[in-house]
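K.L.:
what's the 3D shape of this:
(chains A and B)
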Amino acid sequence: MKLYQVVLKDILRRKRRVLFAILGVVIGTMTVVSILTTATAGQENITAQLEKYGANLSLLPAVKSVDAGLGTLNLGIVNMGDNYITDDKIPKIQQITDTLIREYRPDIKDVGNIATIAPTLFISTTVKGSSVVIAGIEPQEELQIKSWWQIADGKYLDGADQALLGSQAAALLNTKIGDTLDLNNTPFTVVGILGDSGSDEDYQIFVPLATLQRAFDKQGLISTIDIRALCNGCPVEAIADGINRDIPGIRAVAVTQIAATEMGMLEKINTFMFAIAGVTLIVGGFGVFNTLMTSINERKKDIGIMRAVGASRGQIIKALVYEATLVGAFGGVLGYFAGTALAYGLGPIIFKVTTISFVPLYLPVAIGLALCIAVLATLYPAFRATKIKVAESFASV
Amino acid sequence: MLEMKNISKVYGNAVNKVTALNNISLTIEKGDYVAVMGPSGSGKSTFLNVIGGLDHLTGGKIILEGERIDNLTENELVRLRRGKISYVFQQYHLLRSLTALENVLLPLTFCGIEGKKTRAIELLERVGLGKRMNHKPNELSGGEQQRVAIARALVNDSMLTLADEPTGNMDQKNGQAILDLFERLNKNGQTIIMVTHNPEASRRAKKTVFLQDGQIVNQVLNKKKQKYNGGIK
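P.N.:
As a prediction, the model looks like this:
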């Protein structure tokens, strides 16, 4: 018979007590795991949203704005240079962007285009007596960048002579699905109306780029290009620099500010979560400590018996630590699963996150944590228990 | 074999002190079977505890086989309990989670000895529990539990067995069985010191030592038909 067998038999006799101790560990671990899992899911969710969030880069025509003045008389700003980008530059832009992303992220094996490049031509015109902005877009690319677009009515653009209206534009022009709009003598059929976005887009009319260019005789011309590099942490600054250096007539601007702000917020939330997890751990640790302390005190007599028949202090401590290890291991595993389950409940409330996933890394973390708590909480009472004189341990019962 | 020289034990502080043992000297030879008698509070349990290292002396010394055992450290006491001295308690003190056989094996577990199961079984058969060795303490009668405890005390081949009121919790019949067992063990060479307040039990030993107020007041050799003389002189 080995010592661990003695311990196991004793645990089987005291099933309920041991289950209580395990429960204590489970509660502590569960809380920590659920908080960590929710925080992780929240972070992934926000990152995913940020990746979807519009363009990383905006390309504008390189217009030199010169302050014109005569003495102290200000004549305003004089724009020098083209107001358009020519669309023959798009392949070069795509190439520069993709090359830099591949350099930065060698793990991306895609051979096709990585970055989404969405050119837009803006035309300001009058429709039915109202002044509106018409945006000529590449429907598929535009949709990838504006992932928040919701079609409130009708469908998305899938033909050359179709128009998609912003919600306010549709209201102002008193237009509904199936109506025909005449833009510079070119008829467009309204196929869809966008939901409110709260931005300028609500007042715009979206039509396919090529058709618009022909209708307004702007073949090959573009007002702006939005680029979305499809990865988190892509080198947008470097891409902007590359484009500015290699392609004349274009000014590339990196859009990173929003991402930085949101990431900062996320970090604060995480810190807060970890603080809560830490406090929980301490509280849970005290609970476990208390349970184990009581459990050891109850076994003073048994410890006395073992000592009387030749157990050393080390062997007693070893036996109690065996038990604590078991309590910790079971508590850790159960706490991990319970915590993940709890995160499924908590996640949607805290983060509006629907995709809580198992984080396998937290399993060893949970077990390690639970083991530490259980063993540390055992050591002190165990050590104290061995200090009691054998005769006293019998006298106490 | 066991020599006690002027041992004393005082409990409490200077104001409130109780002298449990007062300058006792006694020698016990190998193969002895000594009963310690005396009224409650005479110090007989303390006497046994200090011999077994369960309690510390206030003065004097105890020598077992040429080695002082009254001033041992915890670790040295562990060595003492692993093969030199074994205990049999009034309350049996078996582990509730273990069967009779496992309880007997327990001292060997702590010594790191394995595979001596036959020895344990043999001992249980000797104490008449060959058929009940897989029962847990709560399935055994008091007498049976005490016999398990005795088997446990013998499994390590200890040179000295200390028994504290071993029949104290038992009816006449079971008590007799335990005393028969002690007698048999002693005939086979086991040295036993037994504390009891039962005159009949004490007469089964080879020698009876009478304690009162922490002092030895009489020592009697128990010849088989000797009549009990009332304990004191």
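K.L.:
buried residues in the helix or strand hosting A:Val7?
P.N.:
Secondary structure assigned from DSSP states H and E places A:Val7 in helix A:3-13. In terms of neighbour count (16 or more other CB atoms under 10 Å in any protein chain shown), helix A:3-13 has its buried residues at A:3, A:6-7, A:9-11, A:13. In short, each C-beta sits where N, CA and C put it, glycine included.
K.L.:
so who does the residue in the stretch 151-300 of chain A that chain B sits nearest to touch?
P.N.:
Of all residues in the stretch 151-300 of chain A, the one sitting closest to chain B is A:Arg299 (9.9 Å; CB to the nearest CB). Contact partners of A:Arg299, counting by CB atoms under 8 Å, 6 or more residues apart in numbering or on different chains, are A:10, A:385.
K.L.:
A:Ile177 now?
P.N.:
Counting by CB under 8 Å, 6+ apart, A:Ile177 makes contact with A:153-154, A:190-193.
K.L.:
Swap in 10 Å and give it another go.
P.N.:
In this structure, A:Ile177 makes contact with A:153-155, A:165, A:170, A:189-193, judged by CB atoms under 10 Å, 6 or more residues apart in numbering or on different chains.
K.L.:
Mark which of these are part of strands, please.
P.N.:
A:153-154, A:165, A:189-193 (DSSP state E).
K.L.:
just the buried members of the residues you listed?
P.N.:
Using 16+ other CB under 10 Å as the burial test, those include A:154, A:165, A:190-193 as buried.
K.L.:
buried ones in stretch B:90-105?
P.N.:
For stretch B:90-105, burial by neighbour count (16+ other CB under 10 Å) applies to B:90-95, B:97-105.
K.L.:
my bad, stretch A:358-376
P.N.:
A:359, A:362-363, A:365-367, A:369-371, A:373-375.
K.L.:
farthest-separated two in those?
P.N.:
Greatest spatial distance among the buried residues of stretch A:358-376 (CB to CB): A:Val359 and A:Val375, at 24.1 Å.
K.L.:
Please report how far A:Ile114 lies from A:Leu100.
P.N.:
Applying CB to CB, to the nearest Å, the value for A:Ile114 to A:Leu100 is 10 Å.
K.L.:
right, I mislabeled it, should have said B:Glu102
P.N.:
Taking CB to CB, one finds B:Glu102 at 72 Å from A:Leu100.
K.L.:
One more: B:Lys173?
P.N.:
Distance, B:Lys173 to A:Leu100, by CB to CB: 98 Å.
K.L.:
can you give me the helices for the chain?
P.N.:
You didn't say which chain, so I picked chain A. A:3-13, A:15-52, A:90-104, A:139-145, A:167-172, A:209-215, A:236-246, A:257-298, A:300-308, A:313-351, A:362-387, A:390-395 (DSSP state H).
K.L.:
To clarify, I was referring to chain B.
P.N.:
Using DSSP H, helices in chain B cover B:44-51, B:74-81, B:100-111, B:117-126, B:142-154, B:172-187, B:199-203.
K.L.:
hang on, the earlier thing: restrict the buried ones among the ones in strands among the contacts of A:Ile177 to those near chain B?
P.N.:
The subset of these within reach of chain B, by CB under 10 Å from any CB of the partner chain, is empty.
K.L.:
The biggest strand by length in chain A: partners in the sheet, and parallel or antiparallel?
P.N.:
Identified as the longest strand of chain A according to DSSP E is strand A:116-127. If you go by DSSP bridges, strand A:116-127 pairs up with strand A:130-137 (antiparallel), strand A:224-228 (antiparallel).
K.L.:
list the buried ones in the longest one?
P.N.:
By neighbour count on 16+ other CB under 10 Å, the buried set for strand A:130-137 is A:132-137.
K.L.:
pretty sure A:Ile85 contacts A:Ile117?
P.N.:
No. Counting by CB atoms under 10 Å, A:Ile85 stays clear of A:Ile117, with 11.5 Å between them.
K.L.:
got any residues that touch both of those two?
P.N.:
Taking CB under 10 Å, 6+ apart as the criterion, A:Ile85 and A:Ile117 both touch A:59, A:93, A:225.
K.L.:
Chain neighbours aside, what residue packs nearest to the last one?
P.N.:
Nearest non-adjacent residue to A:Ile225, counting by CB to CB, 6 or more residues apart in numbering or on different chains: A:Leu59, 3.9 Å away.
K.L.:
The one you found - how many residues pack around it?
P.N.:
26 (other CB atoms under 10 Å in any protein chain shown).
K.L.:
Quick check: bridge partners of it?
P.N.:
Going by DSSP bridges, A:Leu59 is paired in beta bridges with A:Ile225, A:Ala252.
K.L.:
Next up, the contacts around it.
P.N.:
A:Leu59 touches A:85, A:89-90, A:93, A:117, A:119, A:222-227, A:240, A:243-244, A:247, A:250-253, counting by CB under 10 Å, 6+ apart.
K.L.:
Put the buried members of the residues you listed into a ChimeraX selection.
P.N.:
Buried residues among those (16+ other CB under 10 Å), as a ChimeraX selection:
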select /A:85,89,90,93,117,119,222,223,224,225,226,227,240,243,247,250,251,252
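K.L.:
Can you tell me the closest non-neighbouring residue to residue 57?
P.N.:
Since you didn't name a chain, this refers to chain A. A:Ile227 (4.0 Å).
K.L.:
wait, I meant chain B there
P.N.:
What sits nearest to B:Leu57 in space, not counting adjacent residues and going by CB to CB, 6+ apart, is B:Asp70, at 4.7 Å.
K.L.:
what's the answer for B:Ala153, then?
P.N.:
Nearest residue to B:Ala153, sequence neighbours excluded (CB to CB, 6+ apart): B:Ser86, at 3.7 Å.
K.L.:
tally of neighbours for the closest residue to A:Ile367 other than its chain neighbours?
P.N.:
Leaving aside its sequence neighbours, A:Ile367 sits nearest to A:Gly332 (CB to CB, 6+ apart; 3.5 Å). Neighbour count for A:Gly332, taken as other CB under 10 Å: 27.
K.L.:
Likewise for the one 5 residues further on?
P.N.:
Using other CB under 10 Å, A:Phe337 has 16 other residues around it.
K.L.:
shaky segments in chain B?
P.N.:
Along chain B, the model assigns pLDDT under 70 to residues B:224-233.
K.L.:
quick check, nearest of the buried residues of stretch B:90-105 to chain A?
P.N.:
When those are ranked by distance to chain A (CB to the nearest CB), B:Ser97 comes first, at 3.9 Å.
K.L.:
Go ahead and confirm that closest one touches A:Met1.
P.N.:
No. The criterion here is CB under 10 Å, and B:Ser97 misses it with A:Met1 at 11.9 Å.
K.L.:
check contacts around B:Ile28.
P.N.:
For B:Ile28, the contacting residues are B:1-4, B:34, B:51, B:64, B:160, B:191-193, B:207, B:209, by CB under 10 Å, 6+ apart.
K.L.:
try B:Gln146
P.N.:
Taking CB under 10 Å, 6+ apart, one finds B:88-92, B:94, B:127, B:140, B:163, B:166-170, B:174-175, B:177-178, B:181 in contact with B:Gln146.
K.L.:
measure it to chain A for me?
P.N.:
Using CB to the nearest CB, to the nearest Å, B:Gln146 is found at 14 Å from chain A.
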